[in-house]
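I need the structure of the sequence given here:
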Amino acid sequence: MKSKRYFNTTGFCMPDTHYMIDPLRNQKIIFDLIEKKQYFTIHAPRQTGKTTLLHELAHRLNKEGKYVSVVFSVESAGYRSITEETANSKIIDSLYRNSKNFLLKEYYPPLPETYKKKLTLENYLSDWSENMEKPIVLLLDEIDSLYDDVLVSILRQLRNGFQIRPKRFPSTVALVGLRDVREYKTKVRPSEASLGSGSPFNIKAESILLGTWTKEEITELYSQHTKDTGQVFSKEMINRIYELTGGQPWLVNAVANEIVEKILKSDFTKKITLAHAEEAKENLIKRRDTHLDSLLDKLKEPRVKNIVSAIINGDTLIYDTFNDDLLYVMDLGLIRKEKYDIVFSNEIYREIIPRVLNFALQENIKEEGTTSWYLNPDGKLDMDKLLKAFQKFYRRNSEHWMERFDYKEAGHGLLLMAFLQRVINGGGRIDREMAVGRGRTDLTIEFAGETFVLELKLKRDSDSKEDGLDQISRYLDTLGMTKGYLILFEIKPSSIIPWE
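Got it, this is the predicted structure:
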């Protein structure tokens, strides 16, 4: 049976076209804030359902008839060289054009071309509100795309209007973007970032972070496909997909879409197996679709680099719950807190981030990374031979490559992972366990039915070796294994400690 709907991985979701769960199901707080005529922010990483939620909210409010609501983006004004006058004009034009998607003609805002007063967002919204019998709920998307004076100006205009709402200004304004309002300060010049109690950044009553999906919500989404086609995602499959995705909405849809459409070619008579989930994971990592690529682009930012390096090395961070870098990288969706650990948000991110960071290294490893060199006659991996080969390779190449490497702090471990990846690509897989403050990185390698455990650790002092042996012994005990490898990296240069 051919399904009319499919798993969406581009743009916002529409109930008739896509499998989707109600984006407002857990958002009573939003309706409460609108009822109280408050301003608030909604923030979440890219492709977690913000736009879907906004469209559903606006259509629902308009349908209920108590409010006039529009979603519009300010992204057209999101570049540094724009003047405030041009920015106001572009933002107002975006509002007017988008109102046609949500409102009956009688509720349209004024036509910008015929506007008599100075064209500022504040004046425009004020005049529109005065002519409306119903209160206006304005859902302003991509607010954090604005910079400098323009960002400050727009926030100030909204703050000014707050005092005269709801008769002469929108009753509620929601500012929507990737980051919370506290992060907007990083997008203005230092002189504008500290504006006292009258700061335009003190604009919101509440900040709402859109979370990831639970296993129950993934089950609800996938059950729609089963209802349409008869093809089942088993409980075991859902548990595995939750491990792979951490409930990140785009990944949940992308893995399912990869299995159903790409791997099984929309043949709904075929059974979905755990092997399909692993294949989908590898395909997404190798292909690096738009979502993954835009996320990985953030790895170049210094504040992201600090946190990611600490996770890969297991370094301790000096931070508290208000640490800006940590909260920023959490807001991007790259990392999460797991009990007392700070880790990558899901298994796919945990796998793809090191592979992207060491991709150039992988490409430069030629003969040494040939799988066949390290295989026994029975096709099993000779790990001793592989690691001795890496020692020689590391001695010849590490200092030269480390100088040019963007992630120098994590470069030692990434170099070994690149070497291993070249070999393991011939028929195995690497699982990585990494977290801030663990003092190590644990690798579990599956190859030809065998499991190998490697612990990577930087030699920071004379106790590092003993600590490492103790750590790997305990780790092996938890796995029920008796053999593992401790890889200790000397971080002092060979000019201080000779290779011998």
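
is it correct that residue 272 is in contact with residue 259?
Yes: between residue 272 and residue 259 there is a contact at 5.9 Å, judged by Cβ atoms under 8 Å. Every residue, glycine included, has its C-beta placed from N, CA and C.

with adjacent residues omitted, what lies nearest to residue 97?
Computed as Cβ to Cβ, 6 or more residues apart in numbering, the closest residue to residue 97 that is not its neighbour in sequence is residue 72, at 7.7 Å.

what's the closest non-adjacent residue to residue 445?
residue 452 (4.3 Å).

thinking again about what came up before, I'd guessed the residue nearest to residue 97 sits against residue 95; true?
Yes: the criterion here is Cβ under 8 Å, and residue 72 meets it with residue 95 at 4.6 Å.

the host helix or strand of residue 63 - contacts with which helices or strands?
Under the criterion of DSSP states H and E, residue 63 resides in helix 50-64. With contacts defined as 3 or more Cβ pairs under 8 Å, 6 or more residues apart in numbering; DSSP states H and E, the packing partners of helix 50-64 are strand 40-43, strand 68-73, helix 84-102, strand 136-141, strand 172-177.

and with 7 Å instead?
If you count contacts as 3 or more Cβ pairs under 7 Å, 6 or more residues apart in numbering; DSSP states H and E, helix 50-64 packs onto strand 68-73, helix 84-102, strand 136-141.

so it versus helix 84-102, what angle?
Relative orientation of helix 50-64 versus helix 84-102 (axes from the mean of the first three to the mean of the last three Cα atoms, to 10 degrees): 60 degrees.

may I see the buried residues of helix 50-64?
Neighbour counts over helix 50-64 (16 or more other Cβ atoms under 10 Å) mark 50-58, 61-62 as buried.

would you turn those into TSV with pLDDT and distance to residue 373?
Shown next, in TSV, are the buried residues of helix 50-64 (pLDDT from 0 to 100; distance: Cβ to Cβ, whole Å):
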residue	pLDDT	distance to residue 373
50	92	49
51	91	50
52	93	50
53	95	53
54	96	55
55	96	55
56	96	56
57	97	59
58	97	61
61	98	65
62	97	66
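
ok, then the element right after the helix or strand harbouring residue 412?
Using DSSP H and E, residue 412 sits within helix 411-424. Per DSSP H and E, helix 411-424 leads on to strand 428-433 as the next helix or strand towards the C-terminus.

buried ones in that next one?
428, 430, 432-433.

farthest-separated two in the buried residues of helix 50-64?
Across the buried residues of helix 50-64, the two members that end up farthest from each other (Cβ to Cβ) are 50 and 62, 18.8 Å apart.

residue boundaries of the helices in the stretch 251-400 of the chain?
274-287, 290-297, 302-313, 324-331, 347-357, 359-364, 383-404 (DSSP state H, counting those that start in this stretch).

can you show me the CA trace of the longest one as PDB?
What that stands for is helix 383-404. What follows is helix 383-404, C-alpha atoms only, in PDB (Å, rounded to 0.1, in the frame of the first residue of the first chain):
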ATOM      1  CA  MET A 383      45.700  -5.300  16.900                       C
ATOM      2  CA  ASP A 384      49.300  -5.600  18.200                       C
ATOM      3  CA  LYS A 385      50.700  -5.200  14.700                       C
ATOM      4  CA  LEU A 386      48.300  -2.300  13.900                       C
ATOM      5  CA  LEU A 387      49.300  -0.300  17.000                       C
ATOM      6  CA  LYS A 388      53.000  -0.900  16.400                       C
ATOM      7  CA  ALA A 389      52.500   0.500  12.900                       C
ATOM      8  CA  PHE A 390      50.700   3.500  14.300                       C
ATOM      9  CA  GLN A 391      53.700   4.100  16.700                       C
ATOM     10  CA  LYS A 392      56.000   4.400  13.700                       C
ATOM     11  CA  PHE A 393      53.500   6.500  11.800                       C
ATOM     12  CA  TYR A 394      53.000   8.800  14.800                       C
ATOM     13  CA  ARG A 395      56.700   9.300  15.300                       C
ATOM     14  CA  ARG A 396      57.200  10.300  11.600                       C
ATOM     15  CA  ASN A 397      54.100  12.500  11.200                       C
ATOM     16  CA  SER A 398      52.600  13.800  14.500                       C
ATOM     17  CA  GLU A 399      54.600  17.000  15.200                       C
ATOM     18  CA  HIS A 400      54.300  18.100  11.600                       C
ATOM     19  CA  TRP A 401      50.600  17.500  11.400                       C
ATOM     20  CA  MET A 402      49.800  18.800  14.800                       C
ATOM     21  CA  GLU A 403      51.200  22.200  13.900                       C
ATOM     22  CA  ARG A 404      48.700  22.600  11.000                       C
END
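
what sits against residue 169?
The contact partners of residue 169, taken as Cβ atoms under 7 Å, 6 or more residues apart in numbering, are 125-126, 129, 161.

can you verify it is assigned to a strand?
No: counting by DSSP: H, G, I helix; E, B strand; the rest coil, residue 169 is not found in a strand; it is coil.

what residues sit buried inside the strand or helix carrying residue 453?
According to DSSP H and E, residue 453 maps onto strand 450-459. Buried residues in strand 450-459, counted by 16+ other Cβ under 10 Å: 452-459.

what of stretch 112-121?
For stretch 112-121, a neighbour-count test (16+ other Cβ under 10 Å) marks 115, 120-121 as buried.

between these, which is nearest residue 220?
Among the buried residues of stretch 112-121, and counting by Cβ to Cβ, the member closest to residue 220 is residue 121, at 39.3 Å.

my read is that the closest one contacts residue 90, right?
No: using Cβ atoms under 7 Å, residue 121 is not in contact with residue 90; the gap is 10.3 Å.

alpha carbons of the strand holding residue 453, as CSV, please.
Taking C-alpha atoms only, strand 450-459 is exported to CSV below (Å, rounded to 0.1, in the frame of the first residue of the first chain):
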residue,chain,number,x,y,z
GLU,A,450,36.1,-9.7,17.8
THR,A,451,36.0,-6.8,20.2
PHE,A,452,39.1,-4.7,21.1
VAL,A,453,39.1,-2.0,23.8
LEU,A,454,41.5,1.0,23.6
GLU,A,455,41.9,3.7,26.2
LEU,A,456,43.5,7.0,25.0
LYS,A,457,45.1,9.3,27.5
LEU,A,458,47.4,12.3,27.5
LYS,A,459,50.5,12.0,29.7
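
related to what we said a few turns ago, how about the residue nearest to residue 97, what does it touch?
Contacts of residue 72 by Cβ under 7 Å, 6+ apart are 94-95, 98, 140-141.

equivalent analysis for residue 407, please.
305, 309, 357, 414.

try it again at 6 Å.
309, 357 (Cβ atoms under 6 Å, 6 or more residues apart in numbering).

please parse this structure into its domains.
Domains of the chain are assigned by the TED database as 27-209, 215-287, 350-490.

which among those domains is found nearest to residue 344?
Using Cβ to Cβ, those put domain 350-490 closest to residue 344, at 4.1 Å.

so what's the gap between that closest one and the chain middle?
A distance of 26 Å separates the centroid of the chain from that of domain 350-490, by Cα atoms, centre = their mean, to the nearest Å.

what residue is smack in the middle of the protein?
residue 333 (3.4 Å; Cα atoms, centre = their mean).

how about the nearest residue to that residue, chain neighbours excluded?
residue 45 (3.0 Å).

Three-state assignment for the one you found, please.
Applying three-state DSSP: residue 45 is coil.

how close does it get to residue 446?
Residue 45 sits 30 Å away from residue 446, taking Cβ to Cβ, to the nearest Å as the criterion.

ok, those two, which is more surrounded?
Using other Cβ atoms under 10 Å, the more surrounded residue of residue 45 and residue 446 is residue 45, with 24 against 15.

would you mind measuring from the more buried one to residue 246?
11 Å.
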